[in-house]
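1. okay, sequence plus prediction incoming.
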Amino acid sequence: MFAFNRALVTIIILFILAGAVITFLVVIQAVSPDIPPYSWMGLERAAEASGWSAVAIGAVSIIIALLVLFLLLLELRPKRAEKIDLVLDDSFEGRTTIDQDLVRELAERTGAAFAPEVKRLTCDIRKRRFGIAVYCNTLTSPAGDIPRIGAEIQRRVRHSIEKETGLSVREVRVEAAYDTGENVRRVA
């Protein structure tokens with residue numbers, strides 16, 4: 001539904017923008033007022049305007065065009081990811097939540113702290129039906145034992161999040177790559 005609403009608003013904005021531009025062009029007599037889809041707008045009156053009324057119509061059409069362009073830019077910009085709070089406890093007394101970013105930072109610090117071969121670890125936390133899923137990307141030195149490091153990251157991240165927050169961790173996925181200095185080679 002969001003995509004349909006966005007497309008509909010964009011189409012309406014484009015029609016308004018076209019009307020404002022055509023009105024301005026008619027006022028400055030750059031185009032004829034009998035443009036087929038816009039003949040119902042009363043462009044004949046705008047074409048016949050002179051003096052201050054022509055200036056006013058032109059100024060209003062420019063202001064409308066700029067305003068609509070601004071709205072179009074707002075509508076077409078990418079939607080920001082919403083901050084997600086994870087529910088730790090929801091009882092009769094109240095609700096306790098934790099910010100998703102804090103859980104992500106906990107996972108990244110916990111997973112990267114144990115092995116000097118881990119050069120970088122980034123994690124993404126996603127809500128799932130009965131808990132959370134943690135997706136980690138790690139960059140290790142070529143001397144690192146990827147299967148051991150991956151298993152240890154999974155174990156430590158799961159244990160740390162469940163112990164510190166009480167959240168149920170359904171899945172911890174680790175994608176590893178070797179850092180060779182020049183290029184990165186994916187291995188898992």
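-> Perfect, thanks for sending it.
2. so Thr140 sits against Leu121, correct?
-> No - assessed by Cβ atoms under 8 Å, Thr140 is found out of contact with Leu121, at 9.2 Å. For every residue, glycine as well, the C-beta is placed using N, CA and C.
3. and the pLDDT for the closest residue to Glu152 other than its chain neighbours?
-> By the measure of Cβ to Cβ, 6 or more residues apart in numbering, the closest residue to Glu152 outside its immediate chain neighbours is Phe114, 6.1 Å from it. Each residue has a pLDDT score; the one for Phe114 is 78.
4. before we move on, what about the one 4 residues further on?
-> In this model, Val118 is scored at 85, pLDDT.
5. so who does it touch?
-> Listed by Cβ atoms under 8 Å, 6 or more residues apart in numbering, the contact set of Val118 reads 111-112, 138-140, 144, 149, 153.
6. from those residues, which is closest to Thr23?
-> Leu139 (57.1 Å; Cβ to Cβ).
7. let me see the mean pLDDT of the helix or strand the closest one falls within.
-> Element membership for Leu139, per DSSP states H and E: strand 131-140. On average, the pLDDT along strand 131-140 is 90.
8. give me the next element, helix or strand, following that strand.
-> Toward the C-terminus from strand 131-140 - assigned by DSSP H and E - lies helix 146-165.
9. strand 131-140 and that next one, what's the angle between them?
-> 140 degrees (axes from the mean of the first three to the mean of the last three Cα atoms, to 10 degrees).
10. check the offset of helix 146-165 from the chain's centre.
-> Remark: helix 146-165 is offset 29 Å from the chain centroid, using Cα atoms, centre = their mean, to the nearest Å.
11. tell me which residues in that helix are buried?
-> 146, 149-150, 152-154, 156-158, 160-161, 165 (16 or more other Cβ atoms under 10 Å).
12. got the residues you listed as CSV, with pLDDT columns?
-> Output for these, formatted as CSV (pLDDT from 0 to 100):
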residue, pLDDT
Ile146, 85
Ile149, 87
Gly150, 88
Glu152, 90
Ile153, 91
Gln154, 92
Arg156, 92
Val157, 93
Arg158, 93
Ser160, 92
Ile161, 91
Thr165, 87
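13. strands paired with the strand holding Leu139, and their directions?
-> strand 118-128 (antiparallel), strand 169-179 (parallel) (DSSP bridges).
14. so for Gly19, which of the ones you listed sits nearest?
-> Using Cβ to Cβ, the nearest of the strands paired with strand 131-140 to Gly19 is strand 118-128, at 44.1 Å.
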